[in-house]
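> coordinates only, no sequence provided:
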């Protein structure tokens, strides 16, 4: 006998309960002085109201229409992450502007665009599998990305993600939020050392992160 789908009222109650729990976790971590300990964004993502975003477009469409992310959109399509940014969520994306990509050498950018698996990992390092608006982001110290690696957050003077400055926060989309940044993020070399003996490089490039904001809200990537 098949299970009956949850009613809208029950789903709303579950969402509110989950939001209250996650917000409590955030406040506890902040009051405890999270310091240098890693903070998983799924533990403090505030409630994401999909109904309130009905008039918004998905993250990829939002980037396309903005006009400042042409290189990023090209990279997303080349890496095959377009479906993820259209249909998965809620997500938070640190989006390098065209000026940010211009800081890379032409040869490095060209190489990345020709290596979709490596490019995919680089771009997944710009994505959090949770809705984290700027006000909340500024309170974090670290965040786990969709690549499985961690970014450092510094909200003491503006908001920095690793060494990149958030230049335009809270660009809202139907399935999350975009924060424009002035540099492309790369996983620090020290963070990748010692992993090769555990997994084949190809596997590590396509593996899913272990923690998500809500397993029911994410679909496996094709």
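Looks like it arrived, so ask away. Just so it is clear, the structure is predicted and the values come from calculations on it, not from any experiment. Numbers count the residues shown, from 1 in each chain.
> longest single strand anywhere in this structure?
With DSSP state E applied, the strand covering the greatest number of residues in the chain is identified as strand 164-173.
> other residues contacting that strand?
The set of residues that contact strand 164-173 without belonging to it, under Cβ atoms under 8 Å, 6 or more residues apart in numbering, is 53, 56-59, 61-62, 66, 94-97, 100, 133-134, 137, 158-160, 177-185. For glycine as for every other residue, the C-beta is placed from the backbone atoms N, C-alpha and C.
> which residue ranges form the strands in this structure?
According to DSSP E, the strands that the chain contains are 91-96, 127-128, 142-144, 150-154, 160-161, 164-173, 176-181.
> list only buried entries from the contacts of strand 164-173.
Neighbour counting over the contacts of strand 164-173 (16 or more other Cβ atoms under 10 Å) leaves 53, 56-59, 61-62, 66, 94-97, 100, 133-134, 137, 159-160, 177-185 as the buried ones.
> what's the neighbour count on the residue nearest to residue 63 when sequence neighbours are not counted?
Nearest residue to residue 63 in three dimensions, chain neighbours excluded: residue 69, at 4.3 Å (Cβ to Cβ, 6 or more residues apart in numbering). Using other Cβ atoms under 10 Å, residue 69 is surrounded by 25 other residues.
> same check, this time on the one 5 residues further on
Look at residue 74: counted by other Cβ under 10 Å, it has 14 neighbours.
> that one against residue 112, yeah?
No - in this structure residue 74 lies outside contact range of residue 112 using Cβ atoms under 8 Å: 10.7 Å.
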